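1. Okay, sequence plus prediction incoming.
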Amino acid sequence: MTEEDYIKKQIELNSNIRCENTVNLSQVQTVAGVDLAYWKEEEQKHAVCCIVIIDYNTFEVIERVSYADKIKVPYIPGCLAFREVPLFLETYKKVTMIPDVIFFDGNGYLHPRHMGLATHAGILIQKATVGIAKSYYKVGDVDFVMPANTAQAYTEIEWNGEHYGRVLRTHVNVKPIFLSVGNAIDINTATQMANRLTTRESHVPIPTRLADLMTHEKRKELTEKR
């Protein structure tokens, strides 16, 4: 597929985004975090995807699964989900407890065509998903406004009159994260969950932090075997 093919597919998928909120916070029991890590072997790109599921009330880890494979899709700006979704789907097949909400280390609606990994994957598995990025993926000519240096302060990211995401500072004196809905959740519910799931150990929510740590462990384990 060419870049034009990927963009066309994103535009087609866009009509399937569920913008209405389906998450009742009083009923959420489990939340998952998803992240990927890459490495190269003899000019061939590889990646491992990790999913960590925690109890939303106690933060206890319930399940950890991973899947590694060669990367078959080249890196194309704005089309990253196409190289990561296949690995995510294979990893998701290994989950024995389906989580209520899934947090992705990456963007969702905060994307020129609203097709970040969290949205793309959320559509395919028909689940509530949230994008949590640690750096800003610029949409249009919009620069983000830094939120006040207070815990849970945020500013909005809007372009052409449309809301794309939120710049959220989870603690005082930490870098903000870039939060966006993925699928089947609204921005306020996603923000409330992100704040609740962020402890003093990190400025990012527990699920994606644990998934990130696991990808480093698995990458080291896999590369040392070779």
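-> Perfect, I can see it now.
2. Please make it C-alpha for all contacts and neighbour counts, starting now.
-> Fine.
3. excluding its backbone neighbours, what's nearest Lys138?
-> Once flanking residues are discounted, Lys138 sits nearest to His111: 7.7 Å by CA to CA, 6 or more residues apart in numbering.
4. How about the contacts made by that neighbour?
-> Going by CA atoms under 8 Å, 6 or more residues apart in numbering, His111 touches Gly78, Tyr137, Lys138, Val139, Tyr164.
5. If we use 10 Å, what do you get?
-> The neighbourhood of His111, defined by CA atoms under 10 Å, 6 or more residues apart in numbering, consists of Gly78, Cys79, Leu117, Thr119, Tyr137, Lys138, Val139, Gly140, Tyr164, Gly165, Ser180.
6. Surely the second one is in contact with Met115?
-> Yes - contact criterion CA atoms under 10 Å: Cys79 and Met115 qualify, at 8.1 Å.
7. In terms of neighbours, single out the busier of those two.
-> Taking other CA atoms under 10 Å, Cys79 and Met115 do not tie; Met115 has more neighbours (27 against 21).
8. Quickly note the distance from the more buried one to Val85.
-> 12 Å (CA to CA, to the nearest Å).
9. which residues do those two both contact?
-> Common neighbours of Met115 and Val85 (criterion: CA under 10 Å, 6+ apart): Ala121.
10. Would you mind putting the CA coordinates of the host helix or strand of Tyr67 into CSV?
-> Using DSSP states H and E, Tyr67 falls within strand 61-70. The C-alpha trace of strand 61-70 is given here as CSV (Å, rounded to 0.1, in the frame of the first residue of the first chain):
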residue,chain,number,x,y,z
VAL,A,61,-1.8,-5.8,38.1
ILE,A,62,-4.2,-8.5,36.9
GLU,A,63,-2.6,-9.6,33.6
ARG,A,64,0.4,-8.9,31.4
VAL,A,65,0.8,-10.2,27.8
SER,A,66,3.1,-9.5,25.0
TYR,A,67,3.7,-10.3,21.3
ALA,A,68,6.8,-9.6,19.2
ASP,A,69,7.2,-9.7,15.4
LYS,A,70,8.9,-8.1,12.4
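11. what do Cys79 and Met115 both touch?
-> Between them, Cys79 and Met115 share these contacting residues under CA under 10 Å, 6+ apart: Ile7, Lys9, Gln10.
12. Backbone torsions only: list them for the last one.
-> Yep, that's Gln10 we're talking about. Dihedral pair for Gln10: phi -60, psi -40, per degrees, to the nearest 10.
13. Surely it touches Ala121?
-> No - the pair Gln10 / Ala121 is not scored as a contact, 11.7 Å apart, by CA under 10 Å.
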